[in-house]
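Engineer: 3D, please:
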Amino acid sequence: MFGEVNIEVQDGNLGRNSSTGSFVQVKIGASTSTSTVPVLVKNTMKPAEIKEKLGCTPLADACIDATENGLKKLYAIPVKADVDGTIGEVTKTGESKGTVTASGKPNNAYDVVVKITATGKVNKGSFAYSIDGGNNFSDEYTIPLGGTFELPGTGITLTFADSGEEEEPFMEEDAFSFSSTAPTLSNSSVLKAVESLISFNSEFEIVHIVGTSGKTLWAALAEQAKEFLEIYKKPCIFLCEGRSCGSEESRDEYLAAMKTERKGINSYFVSVVLSYGVYTRKDLRTQTINFAGIVSGLLGQAKESLSIGCVKEFPISCSKLQKLLPEGIEEYAKELDALGYITLRQYTGKEDYYVTNANVLAADGSDFPYIENVRVLNRIVREVSKKATDNIQAEIDPDNIEASIKPFEADLGIAIDNCIKDKIISSGSVTIETENVNILVDETLNVSVEWVPMGTVRKFNLTFAVNNPYGAGAE
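Structural biologist: Alright, predicted model coming up:
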């Protein structure tokens, strides 16, 4: 008989109605860099070092956000983009007769502003540029004699052209603005990168798919997660980025669309972040971002059983997160949360922002509706499986089954004892079936692992009343 450890997770035992993280995370995203192995990123690295490894790309940005918000180390898998980023139309503000055009393959989503800082022609006038919508500007540059200027690290080239008239073509304080989109990966490229983790030796618990994705990929990742668990004994959670509300889309239309995206996806190994907002990154760029990178950073701070929605522990500073987008989306947070998406919110009387709930796309009634539940499950599965593997092909006395299995129960129980010591579960047990065991024929032991999870306070019911010490019955 081929020796192995088989895993089954039973969901529904709780009967729900309709220490810091032990393992590293992995991020998969489009990048200009190439590497045959995952790239190690640590929180001790400066943003410039991360960009040097991964380019000025969405993958690098996600790593910067995660390490700034608590993740100590991660592995990034850079993947060549399948679809190039695009450059939008250039809009001029002011009286300049000259033109500025943009070309190239942008490495990321940028809001570029080119501000004329001194009136003049090429080789005389000067400019400064911003890639974050005018929040931060570069040093001042002379408009090049040849007219072309590469925006460092962006993949975008500017071309300045005189008007051909005698007057000065570029006027001080005028501006030229345009936006770009980031390069993207196809679903097949993402799944290929995910499959590469089968042979990845380091243990990981979160796989962040950087970039907007939808129902088709979520469903595929749900199947991949099941395979990772049952075949490769590598339980993990896939953290994805859902799309934002479109500029031509009403909030009600967006909610309806997200309900449709959610239908048919029932996996507690897939989590989707829907919140977007204006955020100032560690390198001081202020941009509109999806908050999955920040969520993964908070998970890096939290012990497995602790919700990253814990108000005391995990505030997201309002000095960093300026506002949620689109305007008014907070009114839909409750509905989106009920659908199982991750959103951000504010509480009355508090200026900072918080994760509403660390939801996963679990089925109604699941014992594992939140990331913290799944992280505990995955740790127990991972650690008990290791102990079971250590005991494959160990001897057992068929005439004294009960005594023979005691060392196995004790060995497998070490993983549960460690979880209790780390206070990520309240109690737990490992039981090996002794009745109807035919070890000489089946060569199999059936093991039951059960635990009582830590509870989480998600609501307070407060009752207030005036007490009259002089009322009826008072002494």
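Engineer: I'd guess Gly134 is in a strand, am I close?
Structural biologist: No - looking at Gly134 with DSSP: H, G, I helix; E, B strand; the rest coil, it is coil, so not inside a strand.
Engineer: The nearest residue to it once chain neighbours are set aside: neighbouring residues, count only.
Structural biologist: Nearest non-adjacent residue to Gly134, counting by CB to CB, 6 or more residues apart in numbering: Val113, 4.5 Å away. Quick note: C-beta positions are derived from backbone N, CA and C, even for glycine. Neighbours of Val113 under the rule other CB atoms under 10 Å: 20.
Engineer: and Ser177, bridged to which residues?
Structural biologist: Thr91, Val113 (DSSP bridges).
Engineer: Angles on the backbone of Val50, please.
Structural biologist: If you look again at residue 50, you'll see it is Ile, not Val. phi -70, psi -40 (degrees, to the nearest 10).
Engineer: Report the separation between the residue nearest to Gly134 and Gly277.
Structural biologist: 20 Å (CB to CB, to the nearest Å).
Engineer: Over to Tyr332?
Structural biologist: 14 Å.
Engineer: ok so, going back, I figured the residue nearest to Gly134 hits Ser177, correct?
Structural biologist: Yes - the pair Val113 / Ser177 is scored as a contact, 4.9 Å apart, by CB atoms under 8 Å.
Engineer: Quickly list what's touching both of the two.
Structural biologist: The contact sets of Val113 and Ser177 do not overlap (CB atoms under 8 Å, 6 or more residues apart in numbering).
Engineer: these two touch, right, Arg281 and Lys51?
Structural biologist: No - using CB under 8 Å, Arg281 is not in contact with Lys51, being 11.2 Å away.
Engineer: Could you check which of the two has the larger neighbour count?
Structural biologist: Lys51 (22 against 17).
Engineer: does Leu191 count as helix, strand or coil?
Structural biologist: helix.
Engineer: Spatially central, which residue of this protein would that be?
Structural biologist: The residue lying closest to the centre of the chain (CA atoms, centre = their mean) is Ala292, at 3.2 Å.
Engineer: wait, what's in contact with it?
Structural biologist: 62, 208, 210, 239-241, 273.
Engineer: among those, which are in helices?
Structural biologist: Ala62 (DSSP state H).
Engineer: Any idea how many residues pack against Pro106?
Structural biologist: 26.
Engineer: What distance do you get for the residue nearest to the centre of the chain to Lys386?
Structural biologist: Taking CB to CB, one finds Ala292 at 29 Å from Lys386.
Engineer: thought Cys245 was touching Leu324?
Structural biologist: No - applying CB under 8 Å as the test, Cys245 and Leu324 come out as separate, 10.7 Å apart.
Engineer: give me the low-pLDDT residue ranges for the stretch 51-200 of the chain?
Structural biologist: 166 (pLDDT under 70).
Engineer: all helices of the stretch 1-150 of the chain, in order?
Structural biologist: Using DSSP state H, counting those that start in this stretch, the helices found in the stretch 1-150 of the chain span residues 47-54, 58-68.
Engineer: what is the orientation angle of the shortest one with helix 58-68?
Structural biologist: Between helix 47-54 and helix 58-68, the angle formed by their directions is 140 degrees, by axes from the mean of the first three to the mean of the last three CA atoms, to 10 degrees.
Engineer: Helix 47-54 packs against which elements?
Structural biologist: strand 39-42, helix 58-68, strand 73-79 (3 or more CB pairs under 8 Å, 6 or more residues apart in numbering; DSSP states H and E).
Engineer: Compare the ones you listed and report which one is nearest to Arg262.
Structural biologist: helix 58-68 (23.3 Å; CB to CB).
Engineer: export that closest one as PDB, just CAs?
Structural biologist: Taking C-alpha atoms only, helix 58-68 is exported to PDB below (Å, rounded to 0.1, in the frame of the first residue of the first chain):
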ATOM      1  CA  PRO A  58       1.600  46.700  -9.000                       C
ATOM      2  CA  LEU A  59       3.500  43.700  -7.500                       C
ATOM      3  CA  ALA A  60       6.100  46.000  -5.900                       C
ATOM      4  CA  ASP A  61       3.300  48.300  -4.600                       C
ATOM      5  CA  ALA A  62       1.500  45.400  -3.000                       C
ATOM      6  CA  CYS A  63       4.700  44.300  -1.300                       C
ATOM      7  CA  ILE A  64       5.300  47.800  -0.100                       C
ATOM      8  CA  ASP A  65       1.800  48.100   1.400                       C
ATOM      9  CA  ALA A  66       2.000  44.700   3.000                       C
ATOM     10  CA  THR A  67       5.400  45.200   4.700                       C
ATOM     11  CA  GLU A  68       4.500  48.700   5.900                       C
END
